[in-house]
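Enquirer: My questions concern the predicted model and sequence given below.
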2 protein chains.
Amino acid sequence: MFESFINYLKDKINLSNDEIDLIRAVATLKKLRRHQYLLQEGEIWRYNAFVASGFLRAYSVDDKGQEHILNFAPENHWTGDRESLVNHTPSHLNIDAIEDSEVVLITKENFDRICIQIPQLNDLVNAILHKSFLMSQRRIHDIISLSAEDKYRSFLEKFPAIAQRVPQHMIASYIGVTPETLTRIRRKSAKE
Amino acid sequence: MFESFINYLKDKINLSNDEIDLIRAVATLKKLRRHQYLLQEGEIWRYNAFVASGFLRAYSVDDKGQEHILNFAPENHWTGDRESLVNHTPSHLNIDAIEDSEVVLITKENFDRICIQIPQLNDLVNAILHKSFLMSQRRIHDIISLSAEDKYRSFLEKFPAIAQRVPQHMIASYIGVTPETLTRIRRKSAKE
DNA sequence: CGATTCTTTGAAAACAGTCAATCTGTGTGG
DNA sequence: CCACACAGATTGACTGTTTTCAAAGAATCG
């Protein structure tokens, strides 16, 4: 499923065959079984990771053992811990596979190198970063201003595909409520 | 106080005198009195805005009339509504001055133009965006995983300078609780 | 099928929000 | 310089929401 990565890139930017070979040379494919970790708390994250197939999640675990999902990463999306990546600090995130998945990994060093050779790739990264920032801002806005019920509604609107694909308690974790609360919200909404 | 903008830039990147003149040519200085709007809900945001002096805040107002602060922008920081800027859509944010302020404005068109001529400036923007994204991620993490009390503590740790500079109800608005709740949190913390 | 994970339910407790009143400090105009 | 107005902070009583804990039911995986 390496091809889906190349297809993704071709769809976003124009690439010569040489450039594709260049990317191919530094990319490695990693298969993950359901529940397998891509990154575990305490490790240092060193890659750019593209989800070629499957579905991952990034989350932290607090003192009480509760998981808080920061991001979902379905196929054709990127994942990782940029904070650990740029600061070379141990990650406080876990990333694991919700479904069997295939991930394309490129180390930061290699990625930076080919970005110099393929400026368009650099632009693409910046565009993705830019978009991610906008999405974060929206999410912050939602969490600080909406009620739990509205946060759930907003989640369904923004990510209908994800909502159907992950267990409900993960949605609860993403929007920041307990699974029980989400159950009750759903029951209440259903009655209306 | 135009100079503080130039100083900020010089501190971050190397600029020739010609490049500085180029920037100077497209930048305008706007003075804001306390409580004055830089951007009002419904308008389309068209600038990159650098706070040369003073202190601004970006916030939204919900149906119940409550304000939710998305960002603080003290001097030497940037502000604006990137979503409105890139999508050319009416903003749902308000940005106003908490203190008398001076803001350097550069329209997106001009900014993009000089970014091509000064690639370092482009890099700077991307670096800032990158950092903003990391900060957003941290903030999301805090809001979904911490109790109100810990969110407040975390705010004090991260932004001690801001905490001393803005009224308490704005901190409450930023962390997503009512002013009354924040009072009670503080009283409880003080006892310990 | 059996085991595990996920969802639902109930009751109690903890938490945060609302509303209204009071207190405090600041600054402005007379 | 004082008085007053105003914005901000605090308090109390009450309400509403969310969490917690425990247990049972449903769905899914191996």
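Expert: Looks like it came in fine.

Enquirer: Show me where chain A has its helices.
Expert: Taking DSSP state H to define them, one finds helices in chain A at A:2-12, A:17-26, A:82-87, A:108-117, A:119-145, A:148-158, A:160-165, A:168-175, A:179-191.

Enquirer: what would those look like in CSV with mean neighbour count?
Expert: The way it works is simple: take the backbone N, C-alpha and C, and place the C-beta from them, glycine included. Compiled in CSV, the helices of chain A are given as follows (neighbours: other CB atoms under 10 Å in any protein chain shown):
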stretch, mean neighbour count
helix A:2-12, 15
helix A:17-26, 13
helix A:82-87, 17
helix A:108-117, 15
helix A:119-145, 18
helix A:148-158, 16
helix A:160-165, 13
helix A:168-175, 20
helix A:179-191, 13
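
Enquirer: Which among those helices is found nearest to chain B?
Expert: Smallest distance to chain B across these (CB to the nearest CB): 3.5 Å, for helix A:119-145.

Enquirer: looking just at contacts, which helices and strands does the helix or strand bottoming out on mean pLDDT in chain A meet?
Expert: In chain A, the helix or strand scored least confidently by mean pLDDT, DSSP states H and E is helix A:179-191, which has a mean of 91. Counting contacts by 3 or more CB pairs under 8 Å, 6 or more residues apart in numbering or on different chains; DSSP states H and E, helix A:179-191 packs against helix A:148-158, helix A:168-175.

Enquirer: picking up where we left off before, quick one: closest of the helices of chain A to B:Ile175.
Expert: Ranking the helices of chain A by distance to B:Ile175, with CB to CB as the measure, places helix A:119-145 first at 7.6 Å.

Enquirer: Next one: the residue positioned nearest the centre of chain A from A:Lys30, what distance?
Expert: Central residue of chain A (CA atoms, centre = their mean): A:Ala73, 3.3 Å from the mean position. Shown here: A:Ala73 relative to A:Lys30, a distance of 14 Å by CB to CB, to the nearest Å.

Enquirer: ok, now A:Ser154?
Expert: Between A:Ser154 and A:Lys30 the distance is 33 Å, computed by CB to CB.

Enquirer: Contact partners for A:Asn110?
Expert: The contact partners of A:Asn110, taken as CB atoms under 8 Å, 6 or more residues apart in numbering or on different chains, are A:Val26.

Enquirer: Now do it, the pLDDT please.
Expert: Among the per-residue scores, A:Asn110 holds a pLDDT of 98.

Enquirer: For A:Asn87, see how far away it is.
Expert: 19 Å.

Enquirer: again, but for A:Asp100
Expert: Distance of A:Asp100 to A:Asn87, computed by CB to CB: 31 Å.

Enquirer: Of the helices and strands packed on helix A:179-191, which is nearest DNA strand D?
Expert: Of all the helices and strands packed on helix A:179-191, it is helix A:148-158 that lies closest to DNA strand D, at 3.2 Å by CB to the nearest atom of the strand.

Enquirer: Tell me if the closest one is near DNA strand D.
Expert: Yes - where contact is defined by CB under 7 Å from any atom of the strand, part of helix A:148-158 touches DNA strand D, namely A:Ala148, A:Glu149.

Enquirer: same question, stretch A:172-186
Expert: Yes - residues of stretch A:172-186 contacting DNA strand D under CB under 7 Å from any atom of the strand: A:Gly176, A:Val177, A:Thr178, A:Glu180, A:Thr181, A:Arg184, A:Ile185.

Enquirer: just for chain A, where's the confidence low?
Expert: When residues are selected by pLDDT under 70, those of chain A lie in A:191-192.

Enquirer: ok, now with 90
Expert: Of all residues in chain A, those with pLDDT under 90 make up the ranges A:1-2, A:62-65, A:143-145, A:188-192.

Enquirer: Now stretch A:44-63: buried residues?
Expert: Buried residues in stretch A:44-63, counting neighbours by 16 or more other CB atoms under 10 Å in any protein chain shown, are found at A:45-60.

Enquirer: Which of those residues sits closest to A:Asp123?
Expert: Checking the buried residues of stretch A:44-63 one by one against A:Asp123 (CB to CB), the nearest turns out to be A:Asn48, at 14.8 Å.

Enquirer: Off-centre distance for stretch A:113-129?
Expert: Using CA atoms, centre = their mean, to the nearest Å, the distance from the centre of stretch A:113-129 to the centre of the chain it belongs to is 19 Å.

Enquirer: Name the residues that touch stretch A:180-190?
Expert: Here stretch A:180-190 makes contact (CB under 8 Å, 6+ apart) with A:Ala148, A:Glu149, A:Tyr152, A:Arg153, A:Gln168, A:His169, A:Ile171, A:Ala172, A:Ile175, A:Val177.

Enquirer: try 7 Å
Expert: Where contact means CB atoms under 7 Å, 6 or more residues apart in numbering or on different chains, the residues beyond stretch A:180-190 that reach it are A:Ala148, A:Glu149, A:Tyr152, A:Gln168, A:Ile171, A:Ala172.

Enquirer: Just put those in a markdown table and tack on distance to DNA strand C.
Expert: As requested, those are exported to a markdown table (distance: CB to the nearest atom of the strand, whole Å):
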| residue | distance to DNA strand C |
| --- | --- |
| A:Ala148 | 11 |
| A:Glu149 | 13 |
| A:Tyr152 | 11 |
| A:Gln168 | 3 |
| A:Ile171 | 8 |
| A:Ala172 | 7 |
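
Enquirer: At the contact with DNA strand D, which residues of chain A appear?
Expert: By the rule CB under 7 Å from any atom of the strand, the part of chain A lying against DNA strand D is A:34, A:64, A:66, A:147-149, A:176-178, A:180-181, A:184-185.

Enquirer: and with 10 Å instead?
Expert: Chain A comes close to DNA strand D at residues A:33-35, A:62, A:64-66, A:99-100, A:146-152, A:167, A:172, A:175-185, A:188, as judged by CB under 10 Å from any atom of the strand.
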